[in-house]
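**Q** Build the 3D model from these lines:
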Amino acid sequence: MIDHLENTDFLDCINTDLSKIHSTKQNLKWSLDPTSILRATAPMKVAISSANNSDRHGAAKLEGSRVLNMCVDLVWGSEEYPRPTIEATIQLVQESIPSITFNGYNDMSGKFEEHVFSFTEETMSLASLSSEDTEDPFRFYKYVLHFSGIVQDVQDTKQSWRELMEFTLGRGLLITLKNSGPSRSGFSSSSAVMTTLLSLLYKATNQVKELKHVYDLALLAENRLGLRSGWNDTYCLLPGGIHDFYTQPCPGIPTPKLTKTNFGTINLESRLWLVHTGVQRKATNRMNRRHEVYLSKDEALYPYIVESLALHEHMSCAMHQERYEALGKYMTRYMDCRIAFDPEATNPQLTFLFKEWIDKGLIYGGLLAGAMGGGIAQVIVSDYGLQVENGKTRMEAAIEDMKLACDSFNNKLYRRIKFGVNVEGVKINVQV
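**A** Residues are numbered from 1 along each chain as shown. As a prediction, the model looks like this:
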């Protein structure tokens, strides 16, 4: 019941707050040189702390919230250096028979593969712009054409085609997006994709006001599609790399403010390791367990929420001051607090992984990223874990050995994910 009421109130609040910003324009046209190509890149989010879910709408509205996260570029395949995980282009195409074409590359189906979808005026159907299929790899592509104001009514295919041709100046349209990051793993990849696509369309149609508020509008778009994203998922894409946000209690949607800046990143990238465990816990039916405890003031569990707020401050200061041993210990205690009031946040296999590495002195501590459901472990590697033996660090060897120690980690997803902190956020350029 709390989840339902929270979601209803959230949509009411965000629709009200953004009613003056969300585009109601019609007859939108490509505003750039018709031969130009719009390109955008975007990072992904690694959530370090939310004071244990304080950024959920119900909690943020009543209590305020705290969030510590960072933008990251990931290392692709066998490449040596990280680069933006989201790469997208949009361009007009001179064709004798104009078509709308979507190209995609992602792992939505469980493995990385390319997808293509195209339609013309003759082959267009209600399904061409429908965003109802949650497994459609082009669901976001279709929805942003409507949400951005280019297409007004997707149920009227003839009118939709006329609006598309007005936007493209009678040419074809090609939208391409490559997402090399893991889906459904807590990296907020859906928010990065939505923000990137909307940024491109707002830029192409010269919607300056909407582009300025794209982080809020992307949040609205995702939630209208039924995705339970929060401001933490879109605002993480702001420039700066590492963000320490806070919001005040408010009657509507929070306005995040930045506190600390100028975090060190060079040492952080060598100390904070991301490990994709490939072990994703089942989605809990108690998304608002924290809020339940907050409202009840349960005498046994409420102190863990209070402690989580204090731990957030300690973690932020330790990161800012590059005190990594302290940061690791705070992270471990932070996850202990979450498990105390929400035992479903982890499982025995993941508990074993952290305990094994801590007991062997390989890490100072760590936690599961984000809402703790995606199976991404964040660990602070100790001096001992960074020592090199037989051509590899002790921690690298331990990651490999874990496959033998626990069958659950002998899976195709299990590996270290190398990254670099991205300080640019969503970046758009026009190529003529």
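**Q** what's the helix or strand for the residue nearest to L311 when sequence neighbours are not counted?
**A** Counting by Cβ to Cβ, 6 or more residues apart in numbering, L311 lies nearest to Y334, which is 4.7 Å off, once chain neighbours are set aside. C-beta here means a position set from N, CA and C on the backbone, and glycine is covered the same way. Here Y334 sits within helix 324-341, counting by DSSP states H and E.
**Q** other SSEs contacting that helix?
**A** The criterion is 3 or more Cβ pairs under 8 Å, 6 or more residues apart in numbering; DSSP states H and E, and the helices and strands that helix 324-341 contacts are helix 289-296, helix 302-320, helix 348-359, strand 363-368, strand 376-381.
**Q** Mind checking these for the one nearest to L200?
**A** strand 376-381 (27.7 Å; Cβ to Cβ).
**Q** Counting by contacts, list what that closest one packs against.
**A** Counting by 3+ Cβ pairs under 8 Å, 6+ apart, strand 376-381 packs on strand 44-49, helix 266-271, strand 272-276, helix 324-341, helix 348-359, strand 363-368.
**Q** Try it again at 7 Å.
**A** The contact analysis (3 or more Cβ pairs under 7 Å, 6 or more residues apart in numbering; DSSP states H and E) places strand 376-381 against strand 272-276, helix 324-341, strand 363-368.
**Q** and the last one, which strands flank it?
**A** I take that to be strand 363-368. Next to strand 363-368 in the sheet, as set by DSSP bridges, lie strand 376-381 (antiparallel).
**Q** Please export the C-alpha coordinates of whichever helix or strand comes after the strand it pairs with as PDB.
**A** For strand 376-381, the following helix or strand on the C-terminal side (DSSP H and E) is helix 383-386. Taking Å, rounded to 0.1, in the frame of the first residue of the first chain, the C-alpha atoms of helix 383-386 are listed here in PDB:
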ATOM      1  CA  ASP A 383      47.200  -2.000   0.700                       C
ATOM      2  CA  TYR A 384      47.700  -5.800   1.100                       C
ATOM      3  CA  GLY A 385      45.100  -6.500  -1.700                       C
ATOM      4  CA  LEU A 386      47.000  -4.200  -4.100                       C
END
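**Q** chain center to helix 383-386, what's the gap?
**A** 30 Å (Cα atoms, centre = their mean, to the nearest Å).
**Q** Stretch 54-65 now?
**A** Counting by Cα atoms, centre = their mean, stretch 54-65 comes out at 19 Å from the chain centroid.
**Q** cool, stretch 272-280 as well?
**A** Per Cα atoms, centre = their mean, the centroid offset for stretch 272-280 relative to its chain is 16 Å.
**Q** Could you list the buried residues of it?
**A** Across stretch 272-280, burial judged by 16 or more other Cβ atoms under 10 Å covers 272-280.
**Q** Can you check the pLDDT for the spatially most central residue of the chain?
**A** The residue lying closest to the centre of the chain (Cα atoms, centre = their mean) is S188, at 1.6 Å. For S188, the pLDDT comes out at 84.
**Q** Next up, the contacts around W273.
**A** 379, 381, 395, 416 (Cβ atoms under 7 Å, 6 or more residues apart in numbering).
**Q** redo that, cut-off 8 Å
**A** The contact partners of W273, by Cβ atoms under 8 Å, 6 or more residues apart in numbering, come to 378-381, 395, 416.
**Q** nearest to V93, of the residues you listed?
**A** Among those, R416 lies closest to V93 (Cβ to Cβ), at 40.5 Å.
**Q** ok so, going back, how about the buried residues of stretch 272-280 in JSON lines, adding distance to W161 and pLDDT?
**A** Shown next, in JSON lines, are the buried residues of stretch 272-280 (distance: Cβ to Cβ, whole Å; pLDDT from 0 to 100):
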{"residue": "L272", "distance to W161": "49", "pLDDT": "95"}
{"residue": "W273", "distance to W161": "50", "pLDDT": "96"}
{"residue": "L274", "distance to W161": "44", "pLDDT": "95"}
{"residue": "V275", "distance to W161": "48", "pLDDT": "95"}
{"residue": "H276", "distance to W161": "42", "pLDDT": "92"}
{"residue": "T277", "distance to W161": "47", "pLDDT": "92"}
{"residue": "G278", "distance to W161": "44", "pLDDT": "88"}
{"residue": "V279", "distance to W161": "46", "pLDDT": "87"}
{"residue": "Q280", "distance to W161": "41", "pLDDT": "76"}
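**Q** what about the nearest residue to K25 once chain neighbours are set aside, how many residues close to it?
**A** Residue nearest to K25 in three dimensions, not counting chain neighbours: G149, with 4.8 Å by Cβ to Cβ, 6+ apart. Per other Cβ atoms under 10 Å, the neighbour tally for G149 reads 21.
**Q** Look up how far F117 lies from G149.
**A** Distance, G149 to F117, using Cβ to Cβ, to the nearest Å: 22 Å.
**Q** May I have the host helix or strand of T176 as PDB, with CA atoms only?
**A** Assessed by DSSP H and E, T176 sits inside strand 172-179. Taking C-alpha atoms only, strand 172-179 is exported to PDB below (Å, rounded to 0.1, in the frame of the first residue of the first chain):
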ATOM      1  CA  GLY A 172      14.300  10.100 -43.400                       C
ATOM      2  CA  LEU A 173      15.400   9.900 -39.800                       C
ATOM      3  CA  LEU A 174      18.200   7.700 -38.300                       C
ATOM      4  CA  ILE A 175      18.600   7.300 -34.500                       C
ATOM      5  CA  THR A 176      21.400   5.200 -33.300                       C
ATOM      6  CA  LEU A 177      22.300   4.400 -29.700                       C
ATOM      7  CA  LYS A 178      25.000   2.100 -28.300                       C
ATOM      8  CA  ASN A 179      24.900   1.100 -24.700                       C
END
